[in-house]
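Visitor: coordinates for the following, if possible.
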Amino acid sequence: MKKLKRTALMLITGIIAISLGAGAMAQNYDIKVQIDGILHNSGGVIDFGEYKPLQIDSRTYVHTRTFAENAGMKVGWDQDNQTAFIKVIADKNSDKPIEVYAAEQFDALGDNGFGTPSSITVSMMIDNSEAVFRYNYDIGEGHIRGLGKTFEMDGAATLIDDSALMVPLRNLMEILGLNVEWSQEQMTAYVSIPYEVKVQDNLEETDRWVPERYYAGFTPPNYIPDGVHEIGEYLGTFKLTKYCPCNICNGGWGNNTAWAGKIIPGQTIGVNLKDGIPKLAWLYIDGIGWRRAEDTGGGIGYHHIDVAVSSHYEATHGNIVYRDVWLAK
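Guide: You can find the predicted model right below:
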């Protein structure tokens, strides 16, 4: 990795979980992750909820989505290839320090004639220790060209509870050119944007890139529900499960929803209000279509949607999937 002098850059400190020495195959430790000045110029300790940092083969893993979103990064998911993507937008005029730093990395690379600097991405496939890094350039008309390389991480990206992707964050942050410091006394690891811009060397043009549709694209809807004007805010990638109106699936509620009367298969979904989804809001789910937030339940976790279907057989058969979700205007 090459290092080049930064210009007019403040020191920005954050935190990432790092390895703590030999341990069991998977153990929980009281590891704190704090973001200070990466997403904003202030911050605090990240609340990981139920997916706290844990040790796997003596390396600390962190829940990808929670860390990335708290650090001002975007997260995408390719269900077909079981691959997660982390993206940092490059924008020297952004109010997010991490995006300013990404733009400075492109400046440090120099003008290579590739196009307009766009983003930096890292892709990681489940149960694979390989990470694919790429500097992305916009060459117009929706096309992206990139320079990248492949890294071998200390451990593989790992899925737990069929929904939470955990990754070795020390590797990930160093790939992105960020510094890592560890405090054993505080059981805290610190990630900071360095004084000197760090960029990767030995790069090659690569087609192993992150399709933009996993962040900002969607399958166009074939109709718009009454009262909906258009697709609005992108909410992220959600875990989708299914339920039906029976007492097994819906407990004592039976065919009733929390907010809208009877369950309507093909329309009703159960959501977690902590995701910022208003009651009775319409959502557009990539590959699924329009659904309305009419229900909730204690088993619906963060970034999780329960889709109402007509039969118990349909509810209990088929794989859990992950889809991009938008809030309707």
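Visitor: show me what residue 269 is bridged to.
Guide: residue 293, residue 307 (DSSP bridges).
Visitor: list the contacts for residue 127?
Guide: 156, 157, 158, 159 (C-beta atoms under 8 Å, 6 or more residues apart in numbering). C-beta here means a position set from N, CA and C on the backbone, and glycine is covered the same way.
Visitor: so where's the protein uncertain?
Guide: For the chain, applying pLDDT under 70 flags the ranges 1-29, 42-43, 79-80, 141-143, 162-163, 206-222, 319.
Visitor: any idea how far the longest helix anywhere in it is from the chain center?
Guide: When the chain is parsed with DSSP state H, its longest helix is helix 97-109. Chain-centre distance of helix 97-109: 20 Å, with C-alpha atoms, centre = their mean, to the nearest Å.
Visitor: what's the first helix or strand after it?
Guide: strand 116-125 (DSSP states H and E).
Visitor: what residues of stretch 101-112 count as buried?
Guide: For stretch 101-112, the neighbour count (16 or more other C-beta atoms under 10 Å) marks 101, 102, 103, 104, 105, 106, 107, 108, 109 as buried.
Visitor: ok, now stretch 245-255?
Guide: Result for stretch 245-255 [16+ other C-beta under 10 Å]: buried residues 245, 249, 250.
Visitor: what of stretch 316-326?
Guide: Buried-residue list, stretch 316-326, by 16+ other C-beta under 10 Å: 321, 322, 323, 324, 325, 326.
Visitor: circling back: name the nearest of the contacts of residue 127 relative to residue 280.
Guide: The nearest member of these to residue 280, counting by C-beta to C-beta, is residue 159 at 32.4 Å.
Visitor: show me the contacts for the closest one.
Guide: Residue 159 neighbours (C-beta under 8 Å, 6+ apart): 126, 127, 165, 166.
Visitor: any idea how far residue 285 is from residue 269?
Guide: 8 Å (C-beta to C-beta, to the nearest Å).
Visitor: check residue 266 too.
Guide: 12 Å.
Visitor: which one's more surrounded, those two?
Guide: residue 285 (21 against 12; other C-beta atoms under 10 Å).
Visitor: pretty sure the more buried one is touching residue 322, no?
Guide: No - using C-beta atoms under 8 Å, residue 285 is not in contact with residue 322; the gap is 10.5 Å.
Visitor: quick check: neighbours shared by those two?
Guide: 238, 240.
Visitor: would you map the helices across the chain?
Guide: Going by DSSP H, the chain shows helices at 64-70, 97-109, 169-175, 213-216, 247-250, 312-316.
Visitor: let's have these in CSV, adding distance to residue 306.
Guide: Below are the helices of the chain laid out as CSV (distance: least, C-beta to C-beta, whole Å):
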stretch, distance to residue 306
helix 64-70, 18
helix 97-109, 33
helix 169-175, 30
helix 213-216, 23
helix 247-250, 9
helix 312-316, 9
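Visitor: closest one to residue 145 among these?
Guide: Using C-beta to C-beta, the helices of the chain put helix 97-109 closest to residue 145, at 13.0 Å.
Visitor: so which elements touch the closest one?
Guide: strand 12-15, strand 83-89, strand 116-125, strand 130-140, strand 188-193, strand 196-199 (3 or more C-beta pairs under 8 Å, 6 or more residues apart in numbering; DSSP states H and E).
Visitor: most tightly packed of those strands?
Guide: Stretch with highest mean neighbour count among the helices and strands packed on helix 97-109: strand 12-15 (a mean of 25; mean count of other C-beta atoms under 10 Å).
Visitor: strands of the stretch 151-300 of the chain, start to end?
Guide: 158-160, 164-168, 179-183, 188-193, 196-199, 204-205, 231-243, 268-270, 282-285, 289-295 (DSSP state E, counting those that start in this stretch).
Visitor: select, out of those strands, the one closest to residue 95.
Guide: strand 188-193 (14.5 Å).
Visitor: which elements pack onto the closest one?
Guide: strand 12-15, helix 97-109, strand 179-183.
Visitor: show me what the last one is packed against.
Guide: Here strand 179-183 is seen to pack against helix 169-175, strand 188-193 when contacts are counted using 3+ C-beta pairs under 8 Å, 6+ apart.
Visitor: next, the buried residues of stretch 229-240.
Guide: Quick answer for stretch 229-240 (16+ other C-beta under 10 Å): 231, 234, 235, 236, 237, 238, 239, 240.
Visitor: ok, so of those residues, who is nearest residue 58?
Guide: For those, the nearest to residue 58 is residue 239 (28.7 Å; C-beta to C-beta).
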